[in-house]
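Chemist: Quick one, structure for this:
(one chain, ligands or ions: 1)
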Amino acid sequence: MGVGIIGIGKYVPDKVLTNFDLEKLVDTSDEWIRTRTGIEERRIADDQTNTSDMAYEAAKQALEDAGLTGQDLDLILVATVTPDYGFPSVASLIQGKLQATKAAAMDISAACAGFIYGMVTAKQFIETNVYKNILVVGVEKLSKITNWEDRNTAVLFGDAASAAVIGKVSEGKGILSFELGSDGTKAKELFQDGPHIYMNGREVFKFAVRQMGDSSVNVVEKAGLAKEDIDHLIPHQANIRIMEAARERLELPEEKMIKTVHKYGNTSSSSIPLALCDAVESGRIKDNDLLVLVGFGGGLTWGALTLRWGK
Ligand code: UT7
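Modeler: Modelled structure (predicted):
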């Protein structure tokens, strides 16, 4: 048996913040943001909606898609860097709301690589027959830690939640290979300093281009596959220029890369599953398609995996 995604869901807030709206907040322009990042708009949660509220909505959808209820869950893993509280975890908060009385719960802090970390962690528990159904959520309310006076970061981020139920799938499907990593010597290139995000954009950019390319190639090799076998590349949606570099490294045509950065911006832990969910909903991803998921983020961390889609 394989271990893969048996249900998927997402939640994005209704409020759209466009580049033109940002022109009124900081010294920037739609033209600069579009050409340097590929972002056109992002979603922002209202004051009443916290991280766990968004996570709960996405989780409900994923469970419904899997044909399960909270009662069927053995473990809840929430990847986030913007939890409601220092503690308890967002995972515990949604465990209560989902009435997932049998499930253990914990958060994962690996920034934009968090969802990949979550999927790989879930895989270990299922493969060893310890647990059967695991909910992995990637969720961020980045708007609450964004410095709205800093044009270097304010234009990049958005709020969203995405969720996947991980369980057993047919042999040959699911996660085929993975890679996780971290370089803590670069911790201060991207971190939360007091209430706000601080980022050395150029350094993170250089790291991301190298790491996204290397990790993608590595997981394809580890799975014993070739670049030509890839049907869809789903990179962390941070910046279209970084995403394009990863695509070129894999020598993939444009249509094989899933892009949502233009409409949601960088939603950190939620970004990869959000792009995946969009592509599944639109019918772009078909049974048996080979996907490469790859991300990088604060830590600095990175993670990649190959996934054969389907149950
Ligand atoms: O999830 C992981 C999170 N982080 C990332 O993925 C970020 C990785 N880095 C990036 O995506 C890019 O480095 C940025 C989009 C953040 C910046 O793009 P860049 O092409 O690396 O620009 P830069 O930092 O080299 O700045 C170029 C110029 C600077 O002006 P000067 O010094 O050349 O006069 C900046 O001050 O652009 C200026 N600038 C802006 N101008 C208008 C920086 N931000 C803005 C802005 N609007 N929002």
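Chemist: Please, where are all the strands along the stretch 51-200 of the chain?
Modeler: Secondary structure of the stretch 51-200 of the chain (DSSP state E, counting those that start in this stretch): strands at 75-79, 104-108, 134-141, 159-169, 174-182, 190-193, 196-199.
Chemist: Is the longest one in proximity to the ligand?
Modeler: No. Counting by CB under 6 Å from any ligand atom, no contacts exist between strand 159-169 and the ligand, the nearest distance being 13.1 Å. C-beta coordinates here come from the backbone N, C-alpha and C atoms, glycine included.
Chemist: distance between that strand and the chain's centre?
Modeler: 10 Å (CA atoms, centre = their mean, to the nearest Å).
Chemist: helices and strands around it, which ones?
Modeler: strand 2-11, strand 41-43, helix 51-66, helix 114-127, strand 134-141, helix 271-281 (3 or more CB pairs under 8 Å, 6 or more residues apart in numbering; DSSP states H and E).
Chemist: and residue 149, which of the ones you listed is closest to it?
Modeler: Of all those, it is strand 41-43 that lies closest to residue 149, at 17.2 Å by CB to CB.
Chemist: So what's the model's average confidence on the closest one?
Modeler: What strand 41-43 shows for mean pLDDT is 98.
Chemist: How far does it sit from its chain's centre?
Modeler: 16 Å.
Chemist: before we move on, what about stretch 223-231?
Modeler: 22 Å.
Chemist: still on that earlier bit, looking at the helices and strands packed on strand 159-169, which is closest to the ligand?
Modeler: For the ligand, the closest of the helices and strands packed on strand 159-169 is helix 271-281, at 7.5 Å, according to CB to the nearest ligand atom.
Chemist: What pairs with the next helix or strand after the closest one, parallel or antiparallel?
Modeler: Sequence order places strand 290-297 as the next helix or strand after helix 271-281, per DSSP states H and E. Next to strand 290-297 in the sheet, as set by DSSP bridges, lie strand 232-235 (parallel), strand 301-308 (antiparallel).
Chemist: between the helices and strands packed on strand 159-169, which one is nearest to residue 178?
Modeler: helix 114-127 (5.0 Å).
Chemist: Could you pull out the buried residues of the helix or strand of the chain with the lowest mean pLDDT?
Modeler: Ranked by mean pLDDT, DSSP states H and E, the weakest helix or strand in the chain is strand 190-193, scoring a mean of 93. Residues of strand 190-193 classed as buried by neighbour count (16 or more other CB atoms under 10 Å): 190-191.
Chemist: Brilliant, that's me finished.
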